[in-house]
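**Student:** no FASTA, just this:
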């Protein structure tokens, strides 16, 4: 996007990124936009969160028709996951989410941004819930502050997953104390997944 008065890119890295795109990748992006589909793949980073949120906002501006978000991620930066999670809730169009491959950690946080009846996964998807971790360093007082913030984050995420799954807080706290893996059937029973989709026709 450019500044209309000066014709200067709003962000230089946007222009550089556009230059590196191949014609085929540009065409794929166009087809995905026309299909109102957003891909979230790989680690959840600040850059990914910005790109995904921008795409969601753009789709919401064009139309209020439903949007499909496909998630396949090992997780990553929690606050970046928060940004995508909150953007999905913020925009007007209805969003449905399809988990593929694996939906872990911050990826699972994004996954539960929609009601259970709009949460799908393919037959071979795996899910991972666990508590946040972080490398606390610096002075003793700084380490204490960081540790306190991690505990706040853990409690906040546990509440999000308890609300999303219908599981009691005590169960979520116990399960996320260590890595908690689930396949599709287990995730449905847990309240994390609404339906397994073996083909596009299974997406209601």
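**Tutor:** Now that the structure is in, tell me what you want to look at. Remember, it's a predicted structure, so these values are computed and weren't measured experimentally.
**Student:** rounded mean pLDDT for stretch 60-70, please.
**Tutor:** Stretch 60-70 carries an average pLDDT of 97.
**Student:** next: stretch 193-200.
**Tutor:** Mean pLDDT, computed over stretch 193-200, is 97.
**Student:** how deep is the residue nearest to residue 119 when sequence neighbours are not counted tucked in, by neighbour count?
**Tutor:** The shortest distance from residue 119 to any non-neighbouring residue, by Cβ to Cβ, 6 or more residues apart in numbering, is to residue 194 (4.6 Å). C-beta coordinates here come from the backbone N, C-alpha and C atoms, glycine included. When neighbours are counted by other Cβ atoms under 10 Å, residue 194 registers 19.
**Student:** just list the residues touching residue 194, thanks.
**Tutor:** 115, 116, 117, 118, 119, 120, 188 (Cβ atoms under 8 Å, 6 or more residues apart in numbering).
**Student:** CSV for those residues, including distance to residue 100 and secondary structure?
**Tutor:** Compiled in CSV, the contacts of residue 194 are given as follows (distance: Cβ to Cβ, whole Å; DSSP: H, G, I helix; E, B strand; the rest coil):
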residue, distance to residue 100, secondary structure
115, 19, coil
116, 18, helix
117, 19, helix
118, 15, helix
119, 12, strand
120, 9, strand
188, 16, helix
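**Student:** and which of the residues you listed is nearest to residue 101?
**Tutor:** Nearest to residue 101 out of these is residue 120 (Cβ to Cβ; 13.5 Å).
**Student:** next up, the contacts around the closest one.
**Tutor:** Neighbours of residue 120 in contact, by Cβ under 8 Å, 6+ apart: 96, 97, 98, 99, 193, 194, 195, 196, 197, 202, 203.
**Student:** the helices in the chain, which residues?
**Tutor:** Assigned by DSSP state H, the chain shows helices spanning 12-20, 23-34, 46-62, 78-90, 106-111, 140-165, 169-175, 184-190.
**Student:** mind giving me the packing neighbours of the shortest one?
**Tutor:** Packed against helix 106-111, as judged by 3 or more Cβ pairs under 8 Å, 6 or more residues apart in numbering; DSSP states H and E, are the following elements: strand 67-73, helix 78-90, strand 95-104, strand 126-129, helix 140-165.
**Student:** report the angle between the third one and helix 78-90.
**Tutor:** Read it as strand 95-104. 160 degrees (axes from the mean of the first three to the mean of the last three Cα atoms, to 10 degrees).
**Student:** any weak-confidence spans in this protein?
**Tutor:** For the chain, the stretches flagged by pLDDT under 70 are 1-20, 133-140, 142.
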